[in-house]
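Novice: pasting the sequence and the predicted coordinates here, then a few questions.
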Amino acid sequence: MKSFELMPRFQNAVAGFDLFHREDPLAWRRAAALEHARLAGAVLRDAGYRREQMERVQNLVLKRAGRSAAAEAQTLEDAACLVFLEHDLEALAGRLGPDKTAAVLARTWPKMSDAGRDAAAALELKPELRALVERALRAPASPPAFGA
């Protein structure tokens, strides 16, 4: 299977997790991380990467890479946050509304490195989405959600 063929399968898998998410958010996170690691491995395998490289990425996704991989783990976190901002923020804002979306953004921003925040600030977001990000950054810091 080619990596570009995985996107519909991934979207279906994520949609299937929705009910599970409502009933047990931590179990949903674990299941989603396992699915992400599996998909990352499939993409890397199809692209011709070696087994060691595939396992390294899967361990990063599963947050099992250890302290020696802190920089790589931060880069992965930055990438995940940037993908969320660029591709998922609009749909989330439509589902949650501005208040809850701003709260999510206020928890997302501190997860990024300075370089990640700079990249996020440079994204070309719709004006209403940019306003939500700016609103979140003005909000007082709140403790992270359980399991975040």
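Specialist: Received the coordinates, thanks.

Novice: tell me how far the spatially most central residue of the chain lies from Lys111.
Specialist: Nearest to the geometric centre of the chain sits Ala80, at 3.6 Å (CA atoms, centre = their mean). Per CB to CB, to the nearest Å, Ala80 is found 8 Å from Lys111. Every residue, glycine included, has its C-beta placed from N, CA and C.

Novice: over to Gly41?
Specialist: On the measure of CB to CB, Gly41 and Lys111 end up 24 Å apart.

Novice: out of the two, which sits in the busier spot?
Specialist: Neighbour totals were compared for Gly41 and Lys111, and Gly41 leads with 18 against 15 (other CB atoms under 10 Å).

Novice: now the residue nearest to that one when sequence neighbours are not counted: which helix or strand?
Specialist: Once flanking residues are discounted, Gly41 sits nearest to Met54: 4.8 Å by CB to CB, 6 or more residues apart in numbering. Assigned by DSSP states H and E, Met54 belongs to helix 51-61.

Novice: mind giving me the packing neighbours of that helix?
Specialist: helix 25-46, helix 70-83 (3 or more CB pairs under 8 Å, 6 or more residues apart in numbering; DSSP states H and E).

Novice: and those helices as JSON lines, adding distance to Ala121 and mean pLDDT?
Specialist: Below are the helices and strands packed on helix 51-61 laid out as JSON lines (distance: least, CB to CB, whole Å; pLDDT from 0 to 100):
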{"stretch": "helix 25-46", "distance to Ala121": "26", "mean pLDDT": "87"}
{"stretch": "helix 70-83", "distance to Ala121": "11", "mean pLDDT": "88"}
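
Novice: including distance to Arg135, could the ones you listed go into TSV?
Specialist: Shown next, in TSV, are the helices and strands packed on helix 51-61 (distance: least, CB to CB, whole Å):
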stretch	distance to Arg135
helix 25-46	25
helix 70-83	17
